Each structure stands twice: as structure tokens, then as C-alpha cells.
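> show me how the following folds:
(one chain, ligands or ions: 1)
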Amino acid sequence: MPEVWRDVPGFEGRYAVSDWGRVKSLPHYVTQRNGVVIPVIGRHLTPYKEKGGRLILSLGRGYRRRVHQIVMLAFVGPCPDGMEVCHNNGDASDNRLVNLRYDTHKGNEQDKIRHGTHHNTVKTHCIHRHEYTPENTYLTKDGRRNCLTCRLAREAARWQRLKHDESHKAYMREASRRYEAAHKSERRRGSAYSSPAKRQTTTDINHRGDVA
Ligand SMILES: [Zn+2]
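This is a model prediction of the structure:
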């Protein structure tokens, strides 16, 4: 299949992108500081690789774009709200148009799990080297796996700290004192036996009394 080139939207006549995922600069003229205009030949741009394998290019000063974004923008259109570019085969550096699609973040994550490239699926141990066995794994609300051994250790450590923490003890004493006081005054008012509406009125009056 022949390579198809299109102008990069926003850089018409300056940069072009192909359905193979290549980007090139087009022949153009540059005015030098001394006023002399010189022709510049077009060339293929060499992207650099991000940590996750995605390719990045700089189109002009301070205008960095991921290659997959440029390809999709030129051949499909702007990214719909709430979507992102997905690599169908799981290879983040394969930016051929046939390998790209717009999908939700969820779809992208499922892709990664399918390809075995999800950062959590490939992990077999937690950072403290406890294995992610079914007994030692729990899922957080957002579906991430966590180490149960580490969690219990964290909770035990927290409890130990609190047990010896004077300010925490003082806080707890103060809290239970306030709780006792609140319930004592409620008992005194006999509001436990009154209707909720009446109880509200009583409280209001008391508050006003407190302020005055
Ligand atoms: Zn652990």
C-alpha cells in the first residue's frame, strides 16, 4: 500500500504526516536575520521515545506532540471528549493509522491488560516483595491491586504510633468528653422522649442562650 501524506492540521504547508506514522517537514523558505531568504529542503523528522514507548516530536518551538496524536488529527479528526488514542496491537511506538483508534480510557486499559502491558498486570510482587497471591491481594475502589500484608503492617504501625501518641490520647479524651457532654444535656432536656421537631426548637433556643 502506498504511503499517504496529509498536512498536519495547524501546520499546513509546513509539516506533513503519513498513514505509516511518519512525519516530515516540507520544503520552505526561511528569512535570515540579515534579510536573506534561503530555501530549506524538507526532511523526515526523528521522534524520540518516551518512557512508555510512545513517540514524541517537536513541531516548531515549544510545540511538542505525540506522533499518534498527529496521525489521528490529520486522518480522523480531533479527539472526542473523554477519549484517547489507543494502539490496537499494544505497541505504543507503532503509529500506523491502521493500528490507531479513539477509545475511552477504560478501553485503553483493557487493551493493555489484553496485551499484558498493563503496569499492574505484569507485576507479580508488591514493592516489598510480597507476592500477589489471591489470598494476599485486595482490590481498591478504582480496581487496582494492593498487597494485604503491607496494608496490615501499615495499620499495625499506625495503631502502635497512636497508642504512644500523647496528643492523640488527649484528642480522644476531649472527643469523648464532648460526646458525653452533648448526650448529658440531651438527657437533661428529656429530648429523647420529645418529637424531632420539638428537639430542634430546644436546641435553637439553647444555642441562642450560649451566644448571649
Ligand atoms: Zn506487600
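
> now stretch 14-30: mean pLDDT?
What stretch 14-30 shows for mean pLDDT is 93.

> do stretch 98-114 as well
On average, stretch 98-114 scores 84.

> pick out the residue closest to the middle of this protein.
His105 (9.7 Å; CA atoms, centre = their mean).

> for that one, what are its contacts?
Gly82, Glu84 (CB atoms under 8 Å, 6 or more residues apart in numbering). C-beta coordinates here come from the backbone N, C-alpha and C atoms, glycine included.

> how about a cut-off of 10 Å?
By CB atoms under 10 Å, 6 or more residues apart in numbering, the contact list for His105 reads Gly82, Met83, Glu84, Cys86.

> repeat that for Arg101.
So Arg101 contacts Met72, Val76, Met83, Glu84, Val85, Cys86, His87, Asn88, Gly107, Asn108, Asp111 (CB under 10 Å, 6+ apart).

> that one: which element?
Using DSSP states H and E, Arg101 maps to strand 100-104.

> which SS state does Gly53 fall under?
Following DSSP: H, G, I helix; E, B strand; the rest coil, Gly53 is assigned to coil.

> how close does it get to Arg101?
Gly53 sits 17 Å away from Arg101, going by CB to CB, to the nearest Å.

> report the buried residues of the helix or strand hosting Lys169.
Remark: Lys169 resides in helix 166-189, with elements defined by DSSP H and E. Within helix 166-189, no residue is scored as buried using 16 or more other CB atoms under 10 Å.

> helices or strands up against that helix?
helix 148-163, helix 196-211 (3 or more CB pairs under 10 Å, 6 or more residues apart in numbering; DSSP states H and E).

> what does this protein put close to the ion?
Cys126, His128, His130, Cys147, Thr149, Cys150 (CB under 5 Å from the ion).

> adding pLDDT and neighbour count, write these out as CSV.
Output for the residues of the chain next to the ion, formatted as CSV (pLDDT from 0 to 100; neighbours: other CB atoms under 10 Å):
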residue, pLDDT, neighbour count
Cys126, 83, 18
His128, 85, 9
His130, 88, 15
Cys147, 90, 21
Thr149, 92, 16
Cys150, 92, 14
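
> in a helix, that's where Pro39 is, yeah?
No: counting by three-state DSSP, Pro39 falls outside a helix, being strand.
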